[in-house]
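Asks: based on what follows, work out the 3D shape:
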Amino acid sequence: MVTDPQRACFEAGIKFGSLYHQFAGTPVSPDSAPSLERAMEESIENQPFCEAVDVDIDASALEDAADDHGYVELTGRFMEVEMRIVYEGVTVRTEMVMEDGYPLMQLVTVE
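Replies: Model (predicted):
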């Protein structure tokens, strides 16, 4: 039998997989970063049990990496993400940060 905390953690993983793989590769510039952040947040918040998503795209890192056309493809190295998932009274907080060049998605708390 799956427990409520296990299901809440599973739901968090689904949300992260959806967010990352839906938006990785999106052309983004420092000017378009704020609207892309909002689109990512609102898209994932539509999913069941997702209470909040906070996406922070590093505009200065985008500017440093931009090609001759002024944009780059979005990858984990340009963003930090936090999510709050609530399932049957269990709150899961998660984050995505870069660790050793890899976008690590991890649990922060399960309450």
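
Asks: so residue 66 touches residue 29, yeah?
Replies: Yes: counting by C-beta atoms under 8 Å, residue 66 does reach residue 29; the two are 6.6 Å apart. Heads up, the C-betas are built off the backbone N, CA and C, glycines and all.

Asks: overlap of the contact sets of the two?
Replies: Residues touching both residue 66 and residue 29 by C-beta atoms under 8 Å, 6 or more residues apart in numbering: residue 72.

Asks: any idea how far residue 104 is from residue 96?
Replies: 7 Å (C-beta to C-beta, to the nearest Å).

Asks: and those two? Which one has more around it.
Replies: Legend: neighbour count by other C-beta atoms under 10 Å for residue 96 and residue 104, higher for residue 96 (19 against 11).

Asks: secondary structure element for the more buried one?
Replies: Using DSSP states H and E, the element containing residue 96 is strand 90-99.

Asks: after that strand, which helix or strand is next?
Replies: Sequence-wise, the next helix or strand downstream of strand 90-99 (DSSP H and E) is strand 102-110.

Asks: which parts of this structure are strands?
Replies: Under the criterion DSSP state E, the chain contains strands at 27-28, 50-57, 72-73, 79-87, 90-99, 102-110.

Asks: tell me which of the ones you listed sits most buried.
Replies: Highest mean neighbour count among the strands of the chain (mean count of other C-beta atoms under 10 Å): strand 79-87, with a mean of 21.
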